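K.L.:
Structure here, sequence nowhere to be found:
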């Protein structure tokens, strides 16, 4: 069952990766939907860590946020997106339809982190996740898209910095910080090693597609 797999995986993750569990939220309750039908959680706040002991909070307004591996970039309400962009000196370019900025150094990309309060615990995502190169080696795009809706989509550039366990029966999500250099501020992290309970390799596991 889904719960059997999720619970067993969670036990492993909790021992090794400091996994935190938060409930899914039902953003369609006003439309008569009884249970959550997608992976929406409550984003409690956002900010930036500059890696030199300086931190800045952007907002502590609670917003529904969708964990969506089908979306590449982080999508934020316009005012919040502007705060993220301004913090790294990125400005909106109508022609490029993106926030554009001078390409930061590798050191800056690893040390500067956008920070997300997921409900009493913080997730650090390195600036490098959001830097998109262009044909001009000195100019980069910021992987954040503004929206007119008070709704957040946590896409791949967020999800690549976390471990996520989806409990489809209890309508919960469990999240752990993935390890990278800039995440040291969030505490000691251990690598998560696990297998899927009761799973075994298929008979043709090694017979992979090729040209």
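P.N.:
Okay, I see it. Please read these numbers as outputs of a predicted model, since none were measured by experiment. Residues are numbered from 1 along each chain as shown.

K.L.:
Look up phi and psi at residue 141.
P.N.:
Note on residue 141: its backbone torsions stand at phi -100, psi 150 [degrees, to the nearest 10].

K.L.:
The helix or strand hosting residue 165 - contacts with which helices or strands?
P.N.:
Using DSSP states H and E, the element containing residue 165 is strand 162-167. On a contact count with 3 or more C-beta pairs under 8 Å, 6 or more residues apart in numbering; DSSP states H and E, strand 162-167 meets helix 2-17, strand 172-177. Quick note: C-beta positions are derived from backbone N, CA and C, even for glycine.

K.L.:
Surely residue 153 forms part of a strand?
P.N.:
Yes: under DSSP: H, G, I helix; E, B strand; the rest coil, residue 153 falls within a strand.

K.L.:
which residues does the nearest residue to it once chain neighbours are set aside form a beta bridge with?
P.N.:
Leaving aside its chain neighbours, residue 153 sits nearest to residue 75 (3.8 Å; criterion: C-beta to C-beta, 6 or more residues apart in numbering). With DSSP bridges as the criterion, residue 75 is bridged to residue 145, residue 153.

K.L.:
I'd like to know the average pLDDT value across stretch 161-169.
P.N.:
The predicted model gives stretch 161-169 an average pLDDT of 91.

K.L.:
Could you list the buried residues of it?
P.N.:
If you call a residue buried by 16 or more other C-beta atoms under 10 Å, then stretch 161-169 has these buried ones: 161-165, 167.

K.L.:
Equivalent analysis for stretch 68-87, please.
P.N.:
Buried residues in stretch 68-87, defined by neighbour count with 16+ other C-beta under 10 Å: 68, 71, 73-77, 80-85, 87.

K.L.:
that older thread, worst average pLDDT in the helices and strands packed on strand 162-167?
P.N.:
Across the helices and strands packed on strand 162-167, helix 2-17 gives the lowest mean pLDDT, at a mean of 36.

K.L.:
Roughly how far does the spatially most central residue of the chain sit from residue 140?
P.N.:
With distances taken as C-alpha atoms, centre = their mean, the residue of the chain nearest its centroid is residue 158 (2.4 Å). Using C-beta to C-beta, to the nearest Å, residue 158 is found at 18 Å from residue 140.

K.L.:
Over to residue 43?
P.N.:
Taken as C-beta to C-beta, the span from residue 43 to residue 140 is 25 Å.
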